[in-house]
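Engineer: below is the structure, and that's it, no one-letter string:
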């Protein structure tokens, strides 16, 4: 069987997560010599890395959209070509869609649990609060509106299938919506909103006075 691991932590100078990724891959290769293990990166590794015969380091030399959108496009396409039995994300990230099972390592939740111990910009990044522009709206039924939301250029909401979106409202209010489109369809977010007077759309299906929303994905994807 063939297994993939995230090689992004090995692109630059190795940090603790880089050492973790490398030593984990070496240990797995030694424990299971009958299987193949592949560490995958969108570009070159920081230095030559010695390995066992069944441990491989792959620089996919991703270009264009596959490099810019490595997690939603480049890596999922490579996983499909490689026919991995499983992919291990060693540093908080996974390919957004994949035909193979995926395992994720989360090293630290203190940004979410103890935000007061971190710099504010890092906490904001971890919570992924983004302004989303309302770019399109259309009626799906008499009381259901489809809203298409676009993040700022170069940004995207990391999400998994079935995850919820928290829309942050004035007066510290919020409302959660199930994201209607699959992660691999692109950077836009699609919501199917049933009639909620005065929130996003009124009873006639018109905008409620604004075309920008602040939103974030609900932690772990659970509904409210």
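Structural biologist: Received the coordinates, thanks. No experiment lies behind these values; they were computed from the predicted model shown.

Engineer: burial measure for the closest residue in space to residue 105 that isn't next to it in sequence, as a count.
Structural biologist: Closest residue to residue 105 apart from its sequence neighbours, by C-beta to C-beta, 6 or more residues apart in numbering: residue 90 at 5.1 Å. C-beta: built from backbone N, CA, C; applies to glycine. For residue 90, the neighbour count with other C-beta atoms under 10 Å is 23.

Engineer: tell me how far residue 90 lies from residue 22.
Structural biologist: According to C-beta to C-beta, to the nearest Å, residue 90 stands 9 Å off from residue 22.

Engineer: now do residue 98
Structural biologist: Separation of residue 98 from residue 22 (C-beta to C-beta) stands at 23 Å.

Engineer: again, but for residue 183
Structural biologist: 28 Å.

Engineer: ok so, going back, and the residue nearest to residue 105, what does it touch?
Structural biologist: Counting by C-beta atoms under 8 Å, 6 or more residues apart in numbering, residue 90 touches 5-6, 9, 17, 20-21, 24, 105.

Engineer: according to the record, where do the domains of this protein fall?
Structural biologist: As recorded under automatic domain parsing, the domains making up the chain are 2-107, 128-221.

Engineer: adding distance to residue 121 and mean pLDDT, write these out as TSV.
Structural biologist: Below are the domains of the chain laid out as TSV (distance: least, C-beta to C-beta, whole Å; pLDDT from 0 to 100):
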stretch	distance to residue 121	mean pLDDT
domain 2-107	17	89
domain 128-221	11	67
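
Engineer: out of these, nearest to residue 113?
Structural biologist: Closest approach to residue 113 among the domains of the chain is made by domain 128-221 (10.3 Å; C-beta to C-beta).

Engineer: where does the residue nearest to residue 56 when sequence neighbours are not counted land in three-state SS?
Structural biologist: Using C-beta to C-beta, 6+ apart and skipping residues adjacent in sequence, the residue nearest residue 56 is residue 38, 4.7 Å away. Judged by DSSP: H, G, I helix; E, B strand; the rest coil, the three-state class of residue 38 is strand.

Engineer: number of nearby residues for residue 38?
Structural biologist: The tally of other residues near residue 38 (other C-beta under 10 Å) stands at 19.
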